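Participant: build me a model from this:
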Amino acid sequence: LIKMEEEGAMISELGFPAYLLTILGIWKILGVIAVLVPKFPLVKEWAYAGFFFIMTGAVISHIAVGDEATTLFGPLLLLVLTLTSWYFRPEERKISVAKE
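Facilitator: This is a model prediction of the structure:
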């Protein structure tokens, strides 16, 4: 959503269209809102899954085009933060599974 030349250049180098940045930006904002708003644990799970897919996709894309390992730092850091946040989320934000 913020037009940065570096991001536009990077997305082009990865072989994706520039409009993908807008789509991902909107999804990330909606995901953050879903994680921060109380209740709706199922929506939160989907938001965490979306963050996971976006970050793993970024890592795989950088590896596929042969980027240097330093370009993986950002996506890997966000992936670790996402997994850590998901794992340590409060009990009331977890989906309870009915036991038979």
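Participant: contacts only, for the closest residue to Leu14 other than its chain neighbours.
Facilitator: Counting by C-beta to C-beta, 6 or more residues apart in numbering, the nearest residue to Leu14 once its immediate chain neighbours are dropped is Ser61, at 4.8 Å. C-beta: built from backbone N, CA, C; applies to glycine. Residues in contact with Ser61 (C-beta atoms under 8 Å, 6 or more residues apart in numbering) are 14-16.
Participant: same thing with Glu92?
Facilitator: Contacts of Glu92 (C-beta under 8 Å, 6+ apart): Pro41.
Participant: can I get the longest helix along the chain in CSV, CA atoms only?
Facilitator: For the chain, the helix with the greatest residue count under DSSP state H is helix 41-64. The C-alpha atoms that make up helix 41-64 are tabulated as CSV, following Å, rounded to 0.1, in the frame of the first residue of the first chain:
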residue,chain,number,x,y,z
PRO,A,41,-10.8,-17.5,17.1
LEU,A,42,-11.4,-19.2,13.8
VAL,A,43,-10.8,-16.0,11.9
LYS,A,44,-7.5,-15.6,13.9
GLU,A,45,-6.4,-19.1,12.9
TRP,A,46,-7.0,-18.2,9.2
ALA,A,47,-5.1,-15.0,9.7
TYR,A,48,-2.1,-16.8,11.2
ALA,A,49,-2.3,-19.4,8.3
GLY,A,50,-2.3,-16.5,5.8
PHE,A,51,0.8,-15.0,7.4
PHE,A,52,2.5,-18.4,7.3
PHE,A,53,1.7,-18.9,3.6
ILE,A,54,2.8,-15.4,2.7
MET,A,55,6.1,-15.7,4.5
THR,A,56,6.9,-19.2,3.3
GLY,A,57,6.0,-18.1,-0.2
ALA,A,58,8.4,-15.2,0.1
VAL,A,59,11.2,-17.5,1.3
ILE,A,60,10.6,-20.0,-1.5
SER,A,61,10.4,-17.3,-4.1
HIS,A,62,13.7,-15.8,-3.1
ILE,A,63,15.4,-19.3,-3.1
ALA,A,64,13.8,-20.1,-6.5
